[in-house]
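Peer 1: here are the coordinates; sequence isn't available:
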């Protein structure tokens, strides 16, 4: 690295305020600490969400037998799941994974960590609001967890909470569980709005000199677009759950036909939020993939502009596809036709992205590091999740596969195969910058390979079950004659799911071992070009010394002909570049 | 092979759905194989080896245009191929040979026939629980209602699924082509008894159906109602 860039990373000149323990670790306004808090929130909740998944799987493979280890919680039934407990388990598995794992990790942790560091800002535009955003999310988490301890149990109407099942207590027997579910998501919606405003303002106003919009790394683009979707979609859910709560507690009739309400109104509100939400979950992972592939292929990203514009296209289209969740709901069939057209079209930008990822690999010098393996898994698994979506887009085919395990397979290929592999890739890739230490590659491989294999063993057969007519959200498949011949798939899937759970142990060990005992990370361990790698590992308060980096070029200048190194960082002035590099 | 696992289809428009399913299956299957083979080939060919430099390129406009236009065309064609089946199932229902009112409730299907007077909603309506009897080769209009929450009428072998929404009556139709007994689960989460909410649809030959209808005084032996 040149002397010029060294000046930027000079920590001696950084402003040094001694902040107390509370202001440094708890009520911190530093975007990096807030990012770590979101990461820990997400990882903690992931353990809970994962355990719930295993409980669900046990019941489906070996119905109505005692779930090992659950005897001390379900004392009355000695560990055997009852239908209402089962409904609660899958409702809370999805709620936790979507709202308290994927969103906090991808949008919360990496949005917070990466945006200022990658655009060359010292912090978010509104640091106090940023702190508030985390603590409001933590409050939402506490409210959500509290639901497990109230009489009647937690919400059990599915994460989609279709009214009137969710709006009338008598239909599920769940009272405060469902109320807390509504209140928690209402509070979380406020947190998301605070975060979104911050991200948008920061990206628009606080980019370093030379950081034009089209020099921004694609992950920043993805988080920027995600923030816009969050800002516009979350309030719809927030108002929806408020209406649901009013129906439950104040006697209104938004969704109750006997009082003049309309059950389908809930579905319209929910999916108007819910479909952009799917892209809120996957766009950051797309950005992460686009970030990691060039670094370890040592190549510029293929089609930078196409990548940015396809994400913008996805964001626009995501507002006009939501009706594909309602093809068999009783919605006007003509409306179904228009939603089919838009749903088919939204596959195009995803296809563009996939082909550009392939283009990025073409002719590269691919290094199979742990972050790269996870990013490659993201790309290949997202392909499956994307292609299976085309089945549902076709309205006649959707009549058959709606509400079957085909849908469950699809959502897990997108949200686990896509978002979670993206999150793992991001954790391994940015861990050195976030915590100043390297993770252990051997443990990383030991985590990745079983996760990849067991992931497919768990979720691929669900396509087959779905095509066989296996409904989702059923407590005991052996009650149905048509499903009895398929039951061995359920057993196979559950064995895969147990393997998938065990495969996360090396990750936990790696994470905590590296946190305290990992090798100290250099400033730029991956020889990457984006701005965060010019700050020390971990970056100090305000990220850089007295001078912010200046941006001289696009984010993916790898293997530039004529230059001695195979990467040209964004912060390197042109004068420091060998003349040969500019001639070519 | 995913398509081997489809249940047998025994209703008229089921073949339209299955045809589309197979079409999409082969298209997406083909695309999947192409993409994954390319992907794996690149991973092997372009793995890091000493002495080789990565290709320096920022993209290719002709390629971008190609992989935007081709998928768009395929998907638009797929959309238009899906329209006739959707229209046949949902928008241009054939006239009914037999109307049945199905009222879903936690956790049963209540099936009503009009009774001797031929009209629904009168005292002589014949109702039964979790079983529906219909003649083969006739268009059945199911008038779907719900007493409490949303349920979903699903008979996999007929390729029919339609939610029953409280406060509405939604008409769905099918025409079975093969006599038999077919499982009829609820496909939308409807509460703790959702799993196991299941009925049977009995498809009878014309004679068997006439006999059954006479025995049960459904008033639906010969109801070419419009």
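Peer 2: Yep, that arrived. Remember, it's a predicted structure, so these values are computed and weren't measured experimentally.

Peer 1: Report the secondary structure state of residue A:412.
Peer 2: On the three-state scheme (DSSP: H, G, I helix; E, B strand; the rest coil), residue A:412 is labelled helix.

Peer 1: That one: what's it in contact with?
Peer 2: Counting by CB atoms under 8 Å, 6 or more residues apart in numbering or on different chains, residue A:412 touches A:385, A:458-459, A:462. Heads up, the C-betas are built off the backbone N, CA and C, glycines and all.

Peer 1: One more: residue A:406?
Peer 2: Counting by CB under 8 Å, 6+ apart, residue A:406 touches A:388, A:391-392, A:462-463, A:465-467.

Peer 1: Kindly indicate which of those lies nearest chain B.
Peer 2: Checking the contacts of residue A:406 against chain B by CB to the nearest CB gives residue A:467 as the nearest, at 4.6 Å.

Peer 1: How about the closest one: what's its closest non-neighbour residue?
Peer 2: Nearest non-adjacent residue to residue A:467, counting by CB to CB, 6 or more residues apart in numbering or on different chains: residue B:5, 4.6 Å away.

Peer 1: Quick one: residues contacting the one you found.
Peer 2: Residue B:5 makes contacts with A:464, A:467-468, A:486, as judged by CB under 8 Å, 6+ apart.

Peer 1: Repeat that for residue A:491.
Peer 2: Residue A:491 makes contacts with A:61-62, as judged by CB under 8 Å, 6+ apart.

Peer 1: Please, which helix or strand holds it?
Peer 2: Here residue A:491 sits within helix A:487-502, counting by DSSP states H and E.

Peer 1: List the buried residues for that helix?
Peer 2: By 16 or more other CB atoms under 10 Å in any protein chain shown, the buried positions in helix A:487-502 come out as A:487, A:489-490, A:493-494, A:496-501.

Peer 1: go on, stretch B:186-194?
Peer 2: Neighbour counts over stretch B:186-194 (16+ other CB under 10 Å) mark B:186-192, B:194 as buried.

Peer 1: what's the burial count for the nearest residue to residue A:297 once chain neighbours are set aside?
Peer 2: The spatial neighbour of residue A:297 that comes closest, neighbours along the chain excluded (CB to CB, 6+ apart), is residue A:364 at 3.1 Å. Other residues near residue A:364 number 27, with proximity taken as other CB atoms under 10 Å in any protein chain shown.

Peer 1: got a list of what residue A:364 touches?
Peer 2: Counting by CB under 8 Å, 6+ apart, residue A:364 makes contact with A:297-299, B:42, B:46, B:54-55.

Peer 1: hmm, who's touching stretch B:32-52?
Peer 2: A:297-298, A:354, A:358, A:361-368, A:376, A:379-380, A:383-384, A:387, B:54.

Peer 1: Return the subset of those lying in strands.
Peer 2: Using DSSP state E, the subset of those located in strands is empty.

Peer 1: For ChimeraX, what selects the buried ones among these?
Peer 2: Those of these that count as buried under 16+ other CB under 10 Å are selected in ChimeraX with:
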select /A:297,298,354,358,361,362,363,364,365,366,376,379,380,383,384,387 /B:54
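
Peer 1: Now, the contacts of stretch B:32-52 that are in helices?
Peer 2: Of the positions in the contacts of stretch B:32-52, A:297, A:354, A:358, A:361, A:376, A:379-380, A:383-384, A:387 sit in helices, assigned by DSSP state H.

Peer 1: now the residues you listed as TSV including pLDDT?
Peer 2: As requested, the ones in helices among the contacts of stretch B:32-52 are exported to TSV (pLDDT from 0 to 100):
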residue	pLDDT
A:297	97
A:354	97
A:358	98
A:361	97
A:376	98
A:379	97
A:380	97
A:383	97
A:384	97
A:387	97
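
Peer 1: which residues sit in contact with the nearest residue to residue A:167 once chain neighbours are set aside?
Peer 2: Spatial nearest neighbour of residue A:167, excluding adjacent residues (CB to CB, 6+ apart): residue A:247 at 4.3 Å. By CB under 8 Å, 6+ apart, residue A:247 lies in contact with A:163, A:167-168, A:253-256, A:261.

Peer 1: Is it correct that residue A:247 falls within a helix?
Peer 2: Yes - judged by three-state DSSP, residue A:247 forms part of a helix.

Peer 1: list the contacts for the residue of chain B at minimum distance from chain A?
Peer 2: Closest residue of chain B to chain A, CB to the nearest CB: residue B:167 (2.6 Å). Taking CB under 8 Å, 6+ apart, we find residue B:167 in contact with A:257-258, A:261-263.

Peer 1: Residue A:65: which of the contacts of residue A:406 is nearest?
Peer 2: Using CB to CB, residue A:465 is the member of those that lies nearest residue A:65, at 19.9 Å.

Peer 1: can you map out the helices along the stretch 401-550 of chain A?
Peer 2: Using DSSP state H, counting those that start in this stretch, the helices assigned to the stretch 401-550 of chain A run over residues A:405-414, A:421-435, A:441-467, A:487-502, A:505-517.

Peer 1: Just give me the neighbour total for residue A:20.
Peer 2: With other CB under 10 Å as criterion, residue A:20 counts 9.

Peer 1: quick one: it and residue A:126, what's the gap?
Peer 2: Going from residue A:20 to residue A:126 by CB to CB, to the nearest Å gives 22 Å.

Peer 1: gap between the helix or strand where residue A:338 lies and the chain center?
Peer 2: Using DSSP H and E, residue A:338 maps to helix A:333-361. Offset of helix A:333-361 from its chain centre (CA atoms, centre = their mean, to the nearest Å): 20 Å.

Peer 1: In the chain, where is pLDDT below threshold?
Peer 2: Since you didn't name a chain, this refers to chain A. Within chain A, the stretches with pLDDT under 70 are A:1-18, A:575-584.

Peer 1: wrong one, chain B
Peer 2: Low-confidence segments of chain B, defined by pLDDT under 70: B:1-3, B:219-226.

Peer 1: Could you pull out the helices in chain B for me?
Peer 2: Under the criterion DSSP H, chain B contains helices at B:14-45, B:61-86, B:206-216.

Peer 1: Dump the ones you listed into TSV; add mean neighbour count and distance to residue A:118 as well.
Peer 2: Shown next, in TSV, are the helices of chain B (neighbours: other CB atoms under 10 Å in any protein chain shown; distance: least, CB to CB, whole Å):
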stretch	mean neighbour count	distance to residue A:118
helix B:14-45	16	27
helix B:61-86	16	25
helix B:206-216	14	70
